[in-house]
Structure formats: C-alpha cells, structure tokens
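>>> Model the structure of this input:
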Amino acid sequence: MKILRCLLGLIFIFSCSAMAGPIILKQGETFTYEFENLPFIEVGTYWSSNPWEHSAELFWDVKSLKKGTQMKVTLFEDSVNDTPLIENIWTSPALGGGFTLGDPTFLNVWQDLQGVFSFTALSGSLMINSFVIKTLDTIDSEFMNVHSLSVSPVSVSEPGSAGLLVIFAAGLCIIALARRRGFANQ
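Numbering: from 1, shown residues only. Now for the predicted structure:
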C-alpha cells in the first residue's frame with residue numbers, strides 16, 4: 001500500500017508541473033500571435049462624429065519585470081514575412097497600451113479578419129497578461145459591426161521525457177499490484 005501511495009504522489013507531482021501562467025519574455029525573445037478569424041461580437045454605435053469605413057485595434061496588458069524594459073510591437077497584415085504595417089517601441093513603466101488603426105493609412109488593415117502581430121523584449125523582461133484584437137466596420141452613419149477576440153495567453157511547461165516515463169512506469173506498477181491482489185478479476 002505504501003508503494004501505491006508513493007506512485008500516486010509522483011503522478012500528482014509531475015502533473016502539477018503542467019500548470020499555466022502568463023507569457024514571460026526575456027531580452028531578445030518574441031511572442032507572435034496569428035489570428036485567422038475574429039468572431040462577430042455585436043452591432044455597436046459610433047462614438048465619433050467622423051465614422052471610419054473600417055478600423056482595427058490592438059490593446060494589451062503587459063507588465064515590466066525589470067526596470068528599463070523595452071518592448072517592440074509589430075503588426076503585419078497576413079504573415080511575419082510581410083513588410084510590417086507598423087512598429088513601435090515602448091519603454092517601462094508604460095508598456096501597457098495599444099494601437100487604434102483608424103487613419104487612412106490603415107483603412108484596410110485586418111479587413112479580412114485575419115492578421116499577425118508580435119511582442120519582442122528588446123531589453124529587460126516582460127510579462128504578457130492579455131490582449132484584445134478588434135475590427136470595426138461601418139454599417140451606416142450610426143452603427144458598426146464589431147469583431148473582437150480577447151486572449152489571455154498562457155505558457156504551459158509540460159513534464160519532460162523522464163517525467164512521462166515515471167508516470168508510465170507508475171501506471172504499470174499500479175496495474176501489476178492490482179492484478180497481484182486480485183482486484184482486476186472482480
């Protein structure tokens with residue numbers, strides 16, 4: 001019975017190593033997000049007297065983990081291999097923020113509800129908690145279609161090969177013990 005408890009304890013320990021949390025980027029690392037379709041959310045009303053035909057927005061919640069952290073945000077139309085639509089660099093403590101792409105230069109950005117963007121830690125380190133991608137398309141002079149996606153990314157550290165091997169061996173031992181004690185035939 002002690003062996004069974006030990007094996008179950010090992011399984012619990014290795015399964016806990018697969019816990020998730022926010023994305024952490026260290027200097028030189030990049031997080032890239034590609035979206036292929038933004039879901040329709042609602043018909044909204046304009047808050048401006050000059051409605052755009054189409055606009056796109058990207059907002060994020062990113063925190064600096066080191067003083068002086070610099071983050072580059074790059075937006076692409078369809079692929080990271082394309083020429084960037086826009087790049088901007090933020091320096092901590094003001095890493096949180098966003099883009100509203102409503103001026104004539106960006107009228108067709110993500111109009112097909114797909115695109116790519118990336119966050120790069122140029123110096124220091126940062127934590128990505130969440131981001132929101134949104135497009136707004138004119139229906140008439142008062143209303144617009146809103147397509148949006150809110151994402152809270154998580155990095156998952158999975159057990160390594162040795163951990164998976166231990167879990168497999170533990171399972172085999174449990175089966176062998178159960179058979180030896182006659183539980184399998186009942």
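>>> helices and strands around the longest strand seen in the chain, which ones?
Assignment by DSSP state E gives strand 125-138 as the longest strand of the chain. Helices and strands touching strand 125-138, by 3 or more CB pairs under 8 Å, 6 or more residues apart in numbering; DSSP states H and E, are strand 23-26, strand 30-35, strand 54-64, strand 115-123, strand 143-151. C-beta here means a position set from N, CA and C on the backbone, and glycine is covered the same way.
>>> same question for whichever strand or helix holds F168, mean pLDDT?
According to DSSP states H and E, F168 maps onto helix 161-180. Computed over helix 161-180, the mean pLDDT rounds to 72.
>>> One more: stretch 40-58?
79.
>>> picking up where we left off before, which strands border the longest strand of the chain, and is each parallel or antiparallel?
strand 23-26 (antiparallel), strand 54-64 (antiparallel), strand 143-151 (antiparallel) (DSSP bridges).
>>> highest average neighbour count across the ones you listed?
strand 54-64 (a mean of 20; mean count of other CB atoms under 10 Å).
>>> Next SSE downstream of it?
Heading C-terminal from strand 54-64 (DSSP H and E), you reach strand 70-76.
>>> Next, the buried residues of the helix or strand following that next one.
Next helix or strand after strand 70-76 toward the C-terminus (DSSP H and E): strand 86-91. Within strand 86-91, the residues that count as buried by 16 or more other CB atoms under 10 Å are W90.
>>> Just give me how far the next helix or strand after strand 86-91 sits from the chain centre.
Next helix or strand after strand 86-91 toward the C-terminus (DSSP H and E): strand 97-101. Centre-to-centre, strand 97-101 and its host chain are 17 Å apart (CA atoms, centre = their mean, to the nearest Å).
>>> between strand 97-101 and strand 54-64, how many degrees?
170 degrees (axes from the mean of the first three to the mean of the last three CA atoms, to 10 degrees).
>>> for strand 97-101, which positions count as buried?
F99, L101.
>>> That strand - which strands sit beside it in the sheet, and in what orientation?
strand 54-64 (antiparallel).
>>> tilt between the partner strand and strand 115-123?
Using the same axes, to 10 degrees: strand 54-64 against strand 115-123 is 30 degrees.
>>> got a list of contacts for strand 54-64?
Residues outside strand 54-64 that contact it (CB atoms under 8 Å, 6 or more residues apart in numbering): 71, 73, 75, 92-93, 95-102, 106-111, 115, 117, 119, 124-138.
>>> Could I get the buried residue list for the longest strand of the chain?
S125, L126, M127, I128, F131, I133, K134, T135, L136, D137.
>>> What of stretch 29-45?
Buried residues in stretch 29-45 (16+ other CB under 10 Å): F31, Y33, L38.
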